[in-house]
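Novice: generate coordinates for the sequence data below:
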Amino acid sequence: MEYMNDWQEQYSDMLATPTQALSHLKSGQRVFIGTGCGAPQDLIMAMTARARQVSNVEVIQLITKGDAPYADKKMSDSFAINSFFISSNIHSVIQEGYGDYTPILLSDVPKLFNSGSLPLDIALVQVTPPNAHGRVSLGISVDITRSAIDNASLVIAEVNPNMPWTHGDTTMEVVDLDILVPVDRPILERELHTPNEISRTIARAAAALIPNGSTIELGLGRVPGYGRIPQVVMEYLHDRKDIGFHTEMISDSIIPLVASGAVTGAMKSIDRGKITASFCMGTKKLYDY
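Specialist: Numbers count the residues shown, from 1 in each chain. So this is what the prediction gives:
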């Protein structure tokens, strides 16, 4: 009980509004933004609102969903994007030469943070509210976000009751964060579009190459005009046995596959019997799953 009171007392001292939290941002700093549907929208807006007060702020990210108002060539003197993945909300600014794309394996990004090769001044992330023991979960976005939190000089976290609690290497002491910004907004969603017949033909051919007992990595790949074919492949694996997942991301497409009984993870060499992923991008149906 004494420990509980201790973290709760510290918690109240850590609270701030988005504007107050981003008042710490200075010119020339390097800022990491949380990944995918876990991107902290209120903090992003507060950061962007400081465009006239800062310059040469390097924004580091993997992939973000939702608005990216800082990714505007009119703000290129304030914010310089350096992304490890070209998502749709920053595509034009990268294409026009106002931002950078750094090609790198996802698994190698934490090495940049841990080694100090790419030091981070601020990390903007999103977490669950703390449990009774004062721990929070990164929810749907762990990926490189965990390493960014471990290495950033200042960690600012949105605390959102809508963020689902996830298990694995996802939790930390809330007092290990620096500034907490309470928010209450729905988690960003990404819906899968209905595939066309060409997409289905490609997916069927790919699925035919996947035997029973396979461990699958699901990519983000999207073919213009044909959609996200890796997700469509999942529709054609319902007759398989002992499929496993050890993947960068999962989406709604795994839900019916799991329901079919095809997924057991029984043949995985690590995390046997578990679906292992670094982040989720889907709808509320997936987040509630």
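Novice: for residue 243, what are phi and psi?
Specialist: The phi/psi pair for residue 243 (degrees, to the nearest 10) reads phi -70, psi 140.
Novice: look up which helix or strand residue 54 falls in, please.
Specialist: Here residue 54, judged by DSSP states H and E, is contained in no helix and no strand.
Novice: for it, what are its contacts?
Specialist: Applying Cβ atoms under 8 Å, 6 or more residues apart in numbering, we find residue 54 in contact with 25, 26, 27, 29, 78. For glycine as for every other residue, the C-beta is placed from the backbone atoms N, C-alpha and C.
Novice: of those, just the buried ones, ChimeraX syntax please.
Specialist: Filtering the contacts of residue 54 down to the buried ones (16 or more other Cβ atoms under 10 Å) takes a single ChimeraX command:
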select :25,29,78
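Novice: can you map out the helices along the protein?
Specialist: Taking DSSP state H to define them, one finds helices in the chain at 2-14, 18-22, 41-48, 91-95, 109-115, 145-151, 197-207, 229-233, 254-259, 284-287.
Novice: any idea which of these gets closest to residue 185?
Specialist: helix 41-48 (6.7 Å; Cβ to Cβ).
Novice: and residue 130, what does it touch?
Specialist: 7, 11, 136, 159, 174.
Novice: ok, now how distant is the last one from residue 167?
Specialist: In this structure, residue 174 lies at 17 Å from residue 167, with Cβ to Cβ, to the nearest Å as the measure.
Novice: with neighbour numbers in mind, choose between those two.
Specialist: residue 174 (23 against 8; other Cβ atoms under 10 Å).
Novice: quick one, phi psi at the closest residue to that one other than its chain neighbours?
Specialist: The shortest distance from residue 174 to any non-neighbouring residue, by Cβ to Cβ, 6 or more residues apart in numbering, is to residue 130 (4.3 Å). In terms of degrees, to the nearest 10, the main-chain angles of residue 130 are phi -70, psi 150.
Novice: the nearest residue to residue 79 once chain neighbours are set aside: how many residues sit nearby?
Specialist: Sequence neighbours aside, residue 70 is the residue nearest to residue 79 in space, at 4.3 Å (criterion: Cβ to Cβ, 6+ apart). Around residue 70 there are 27 other residues, counting by other Cβ under 10 Å.
Novice: from residue 94, how far out is residue 70?
Specialist: Where residue 94 is concerned, residue 70 sits at a distance of 13 Å (Cβ to Cβ).
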